[in-house]
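Participant: requesting a structural model of the entry that follows:
(chains A and B)
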Amino acid sequence: MIRLSNICKSYRLGEVLLPVLKDISLTIGAGEFVAIMGPSGSGKSTLLNIIGCLDSVESGSYHLNGIPIDGAGDEELALIRGDKIGFIFQLFNLIPRINAERNVELPLLYAGIARHERKRLALAALESVGLGDRALHSPMQLSGGQQQRVAIARALVNRPDIIIADEPTGSLDSLAGREIMEIFAKLHAEGKTIVIVTHEEDIAAFARRVIRLRDGRIERDDIRP
Amino acid sequence: MKKKLSPGFLLDIFFESLLALRDNRLRTILSILGITVGIAAVMTVGTVSKGGHFIIFSELETFGLKSVWVYRDQADKDPHRAVRAGTGIENADYAAIRAAGCPALRLLSPVVYGRRDKMLVRYGNKYGNGQINGVGADYLEINNDTLMYGRSFREEDISRNRQVAIIGTDVQRDLFGPLSNPVGRDIRIGERKFTVIGVLAAKSRDFLASIGSSGGQDANNRLLVPYTVFQQMTGFKDINFLQAEAISLPDADTAVSQIIRILKRHHSDRFTYKSGTMAQYIRTTENILKWVTFIGVVAASVSLFVGGMGIMNIMSTSVLERTREIGLRKALGASRKEILIQFLLEAILISFIGGILGLILGILAGYSLAFFSHIPLEPSWPMVLVSMAVSIGVGLLSGYYPAHHAAGLKPVEAFRFE
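Facilitator: Residues are numbered from 1 along each chain as shown, chains lettered A, B, ... in the order given. Take a look at the predicted model:
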């Protein structure tokens, strides 16, 4: 469970302190599928980074599954990011010099899992996104949709509870985007907590709950039945 | 909570490092080259220094490493007192030192050269010149002189005033031609007839020959006769200097002081004596060599330092270019420590490859120097270990700053657009 209370965050732009998040309080329960929307500059990516334990908060508190995130040390945060959260990025963020299988292995490498087990789990994860036959391809040899599916396999390989995705379809055509969203819907059906940032309504339509931000505040929080 | 490194983490990261270095081939090669040159320079300095040590020792060895010589200090001559003329060493002194059986002394020989004149030598109608020295039976052994033909002096040659001579190769060449064995032939030195009993093996004429026991003489131009005979020939009653061999190199100074003590007692302290030992020359040359090596190492270290700066430079660039990758790795669960290890490993890899290449280059340089200079240069093996350790150390030191910077990057970087 994600519990944010009175989160504030600002960025320094030269001399000026630019507030990005203003007093955000938000609870996301286990198994929810949430889309965060809002115009650019509304703070949606910053909010997602904080939820994903990639960024620190200025004030307020954040508990993930009851664990206080503010004040956690580097190794503790690394463990949480590696075990509890799977990340999916707009630009896929695959490492180009290693093949698809080794990219998927990375979270397992940092989780301290032995070599042969890593390989087995990575291949299984690629299988599950329909890319079992592309394991040895380098990212450059794959289409955008395939690269994003490799990234999803990488996000899933550690069996995290939470999937965090920042504009996961932003670099894909609508067909590939739809395929990706169907995978998300399936993951939601399996009980994963999913939080995505998007500015496309038809992508947000896959989610059960849509949180709209404006100027660093929650403008609307709609839960569909 | 503590993170534990995966089994095989280092191996996987090592594999990735290789790939990362391959991505920036030119850059990697250039920085490898920097280390290669530095390590090759260190190795060459080591080889040359070791070779120099070898040359100096083998050169000095041909004059007898444990050799010492004692002579009167001519500065004590007082023009107002006639009694102080002379060399301060008489035949009786020589006999007394021998009889005393000094424990640090192994061999002892008087050397009489009179007024250091060259003597005309004749065999049939052939003439030559030689530096004549009257010596004792131990002389050849003290000076590490070996014979090409014939034998050395025996005690009875000395005590019975036998008219026998040992000649240097220059004298042999002038009188007999270089290839004939003159042993048993009679030659004339001055007015006297001598039988040749031996020919000295040739000695190096290098600059080092100008120091040491031969006292600035050309070692191959010597004419050796029993000192007793030489004293008869010239009417010279004294001994110019005593030459001796200590039982070991560290005993050289003891041997000298034992000889001087006896001489002073015999002459009731009327003379002062000076001495020279090969050990002094060895110390001096070793000292010079040490400084030359030191300067060489400093010069080589500068090039290694520059190589290290090269690594720091490319690693910093690499960290900058891979900011997103580092953020991604952190998002996937990498800790600071794991990022640090990865980038340190890359830096060490560069300097280690550079080190190995430098080692090979340095060894090849040593062998080709040896080939062209005909000096037996050998790579100094401890230097191999040192330069390997140094190259890893350089990688660690120069990689630390960029790696530390990488480890400190925030994981949000992964989400930033390029």
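Participant: surely A:A135 touches A:N103?
Facilitator: No: taking CB atoms under 8 Å as the definition, A:A135 is not a contact partner of A:N103, at 10.0 Å. Heads up, the C-betas are built off the backbone N, CA and C, glycines and all.
Participant: what about these two, which has more around it?
Facilitator: For A:A135 versus A:N103, neighbours defined as other CB atoms under 10 Å in any protein chain shown are more numerous around A:N103 (28 against 19).
Participant: hang on, the more buried one packs against A:V150?
Facilitator: Yes: A:N103 is within contact range of A:V150, at 6.0 Å (criterion: CB under 8 Å).
Participant: need the nearest residue in space to B:T293, chain neighbours excluded.
Facilitator: Setting aside the residues directly before and after it, B:T293 is nearest to B:S49 in space (CB to CB, 6 or more residues apart in numbering or on different chains), at 4.0 Å.
Participant: what's the longest helix in chain B?
Facilitator: With secondary structure taken from DSSP state H, chain B has its longest helix at helix B:278-321.
Participant: what about stretch A:206-225, distance to the chain center?
Facilitator: Taking the mean C-alpha point of stretch A:206-225 and that of its whole chain, the gap between them comes to 17 Å (CA atoms, centre = their mean, to the nearest Å).
Participant: in it, what counts as buried?
Facilitator: Of the residues in stretch A:206-225, those buried under the neighbour-count criterion (16 or more other CB atoms under 10 Å in any protein chain shown) are A:F206, A:A207, A:R209, A:V210, A:I211, A:R212, A:L213, A:G216, A:I218.
Participant: now do stretch A:106-122
Facilitator: Buried positions in stretch A:106-122, judged by neighbour count with 16+ other CB under 10 Å: A:L106, A:P107, A:L108, A:L109, A:Y110, A:A111, A:I113, A:R115, A:R118, A:K119, A:L121, A:A122.
Participant: so how many other residues sit close to the residue nearest to B:I262 when sequence neighbours are not counted?
Facilitator: Nearest-residue entry for B:I262: B:I97, 5.2 Å, with adjacent residues in sequence omitted and distances by CB to CB, 6+ apart. If you count neighbours by other CB under 10 Å, B:I97 ends up with 23.
Participant: quick check, B:I97 in a helix?
Facilitator: Yes: secondary structure of B:I97 (DSSP: H, G, I helix; E, B strand; the rest coil): part of a helix.
Participant: what residues are up against it?
Facilitator: Under the criterion of CB atoms under 8 Å, 6 or more residues apart in numbering or on different chains, the contact partners of B:I97 comprise B:L105, B:L108, B:L242, B:I259, B:I262, B:L263.
Participant: which residues of chain B score low on pLDDT?
Facilitator: Low-confidence segments of chain B (pLDDT under 70): B:1-2, B:62-63, B:76-84, B:116, B:204-217, B:414-418.
Participant: domain boundaries for it, per the record?
Facilitator: By the record's domain assignment, chain B is partitioned as B:9-59+B:284-415, B:75-278 (automatic domain parsing).
Participant: any chance of those in TSV, with distance to A:L79 too?
Facilitator: As requested, the domains of chain B are arranged in TSV below (distance: least, CB to CB, whole Å):
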stretch	distance to A:L79
domain B:9-59+B:284-415	7
domain B:75-278	65
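Participant: thanks a lot, see you next time.
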